[in-house]
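here is the input, now give the coordinates:
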Amino acid sequence: MTYLIDLNCPQCEQKYSPSIQQTYCTDCQSPILARYNLASARGELDRHEIGSRPSGMWRWFELLPVWDKDQVSSLGEGDTPLIQLKRVAQNKSFDQIWVKDESLNPTASFKARGLSAAVSKANELGINKLVIPTAGNAGSALAAYAARARLKSAAVMPIDTPSVIIEECRLFGAETILVDGLISDCARIVGEMITSGDWYSVSTFREPYRLEGKKTMGYELAEEFNWQLPDNIIYPTGGGTGLVGMWKAFKELNELGWLEDQNLPRMISVQSKGCAPVVEAFNSGADKCEFWEAAETIAWGIRVPLSLADKLILVTLRESGGTAIAVSDNEIIAAQAELASQEGLFSSPEGAATLAAFYQLRASGFITPDESTVLFMTASGVKYI
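Take a look at the predicted model:
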């Protein structure tokens, strides 16, 4: 049984029931977050027993938001490999660099985790028409998990989304709507769909449960590092679900008493110079981001002009002692080629951006040779051919 208690707004602390359909806090325009009875879980759950279960994200079931296991829509997501970068590290005099390879999830991206959780909870609540504005990979993940659960889905995406992803959505049976614009333009169309019909939006942070799936990346990292976390996590940031989700996971693990020490990672956000609202807000000391006009980058997944969770992203970076950094498309292309030729990893542009960011942070001294760093390869480069 899940230890889920309720949902709460981190801004005004208003409570919401997880037994009915929820979106976000309309008073604060803030995401709402799932809260668990971790005091009870601490006395009853065993981290080693969880580790002995069949692999996959749902072995953490008690710390996820679904009550009935029969409602779970799963395709084997989670437990992705942690790969040490041996040649890149050797060439750069660093020996503690790892990639968390999320490309081996179903639909070849980390979006599988969040959409498995969101679709499963929607299924449990009797919601049967799900729509999403997407830069691509979230749309294909929704389509796949909705098909698995026999729910209807719609993906609204920019017309320049890679054709592989567009066809993938269509094959999974999703209504696929192409928009001449950015993900923010897609979001406006989704807004019209949920207002005029019976569609439910699973857009980033406009429902509470994608975050819960993404947080399992943090659980896995703790386990893979023998319950001592790495010094730095570099994460490509568009909507920021994974960044905020992992920070939530680390705090939950602390409350459970499962971490061997209290040193949490520095969370580092990487964006493209062509769309860097988080970087600009972080560097200016602002507590929220401004909409990024004329966003343009080859890294479609981080071409997000503004996230609903901008405040939570900035809080995460500052609480963790992390930072935000922007890289150019040329740096992304070079890093993508290096990961492929030196390590045999074909990363999406977003994932390759983390290596480009690592080089900048190493050159500035923010990351030192004795520190351990995990880069998140969020999707396969095959999706972008």
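
find the nearest non-adjacent residue to residue 174, please.
The spatially closest residue to residue 174, leaving aside those adjacent along the chain, is residue 143, at 3.6 Å (CB to CB, 6 or more residues apart in numbering). In short, each C-beta sits where N, CA and C put it, glycine included.

the one you found touches residue 167, doesn't it?
No - between residue 143 and residue 167 there is no contact under CB atoms under 8 Å: 10.9 Å.

what about these two, which has more around it?
residue 143 (29 against 12; other CB atoms under 10 Å).

and the more buried one, what's its pLDDT?
In this model, residue 143 is scored at 98, pLDDT.

do a quick rundown of the helices in the stretch 151-300 of the chain.
Along the stretch 151-300 of the chain, counting by DSSP state H, counting those that start in this stretch, helices occupy 163-171, 183-196, 210-214, 216-224, 241-256, 277-284.

closest to residue 62 out of these?
Relative to residue 62, the nearest member of the helices of the stretch 151-300 of the chain by CB to CB is helix 241-256, separated by 10.6 Å.

output the closest one as PDB, restricted to C-alpha atoms.
The C-alpha trace of helix 241-256 is given here as PDB (Å, rounded to 0.1, in the frame of the first residue of the first chain):
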ATOM      1  CA  THR A 241      10.300  18.000 -13.500                       C
ATOM      2  CA  GLY A 242      13.300  15.700 -13.000                       C
ATOM      3  CA  LEU A 243      15.400  18.400 -11.300                       C
ATOM      4  CA  VAL A 244      12.700  19.200  -8.800                       C
ATOM      5  CA  GLY A 245      11.700  15.600  -8.500                       C
ATOM      6  CA  MET A 246      15.200  14.300  -7.600                       C
ATOM      7  CA  TRP A 247      15.600  17.000  -5.000                       C
ATOM      8  CA  LYS A 248      12.300  15.900  -3.500                       C
ATOM      9  CA  ALA A 249      13.500  12.300  -3.600                       C
ATOM     10  CA  PHE A 250      16.700  13.100  -1.700                       C
ATOM     11  CA  LYS A 251      14.800  14.900   1.000                       C
ATOM     12  CA  GLU A 252      12.400  11.900   1.300                       C
ATOM     13  CA  LEU A 253      15.400   9.600   1.600                       C
ATOM     14  CA  ASN A 254      16.800  11.800   4.400                       C
ATOM     15  CA  GLU A 255      13.500  11.500   6.300                       C
ATOM     16  CA  LEU A 256      13.500   7.800   5.800                       C
END
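
what helices or strands is that helix leaning on?
The contact analysis (3 or more CB pairs under 8 Å, 6 or more residues apart in numbering; DSSP states H and E) places helix 241-256 against helix 38-44, helix 111-125, helix 210-214, helix 216-224, strand 232-236, strand 266-272, helix 310-319.

tell me where the model's unsure across the protein.
Low-confidence regions of the chain, defined by pLDDT under 70, span residues 91-92.

center of it - which residue?
What sits nearest the mean C-alpha location of the chain, by CA atoms, centre = their mean, is residue 242, with 2.8 Å.

distance of the closest residue to that one other than its chain neighbours relative to residue 240?
Spatially, and ignoring its direct neighbours in sequence, residue 242 is nearest to residue 214 (4.5 Å; CB to CB, 6+ apart). To residue 240, residue 214 is 10 Å away according to CB to CB, to the nearest Å.

what of residue 327?
Applying CB to CB to residue 327 and residue 240 gives a distance of 17 Å.

correct me, but the residue nearest to the centre of the chain touches residue 213?
No - counting by CB under 8 Å, residue 242 does not reach residue 213; the two are 9.6 Å apart.

find residues that contact each of these two.
Common neighbours of residue 242 and residue 213 (criterion: CB atoms under 8 Å, 6 or more residues apart in numbering): residue 114.

now do the contacts for the residue nearest to residue 174.
Taking CB under 8 Å, 6+ apart, we find residue 143 in contact with 153, 155, 168, 169, 172, 173, 174.

and the fourth one, how many neighbours?
Which is residue 169. Residues within reach of residue 169, counting by other CB under 10 Å, total 27.

separation between it and residue 138?
Distance of residue 169 to residue 138, given as CB to CB: 10 Å.

can you list residues touching both of those two?
Taking CB under 8 Å, 6+ apart as the contact rule, residue 169 and residue 138 both touch residue 155.

and the closest residue to residue 369 other than its chain neighbours, what does it touch?
Distances taken as CB to CB, 6+ apart put residue 94 closest to residue 369, at 5.4 Å, once the chain neighbours are dropped. The contact partners of residue 94, by CB under 8 Å, 6+ apart, come to 362, 369, 373.

what helix or strand is residue 94 located in?
Residue 94 belongs to no helix or strand when assigned by DSSP states H and E.

now residue 27
Going by DSSP H and E, residue 27 is not part of any helix or strand.

give me the number of neighbouring residues for the closest residue to it other than its chain neighbours.
Leaving aside its sequence neighbours, residue 27 sits nearest to residue 12 (CB to CB, 6+ apart; 6.0 Å). Neighbour count of residue 12, defined by other CB under 10 Å: 10.

distance-wise, check residue 12 relative to residue 32.
Distance from residue 12 to residue 32, by CB to CB: 10 Å.

now do the shared contacts for those two.
Counting by CB under 8 Å, 6+ apart, the common neighbours of residue 12 and residue 32 are residue 25.

of all the helices and strands packed on helix 241-256, which one is nearest residue 203?
The stretch from the helices and strands packed on helix 241-256 with the least distance to residue 203 (CB to CB) is helix 210-214; that distance is 8.8 Å.
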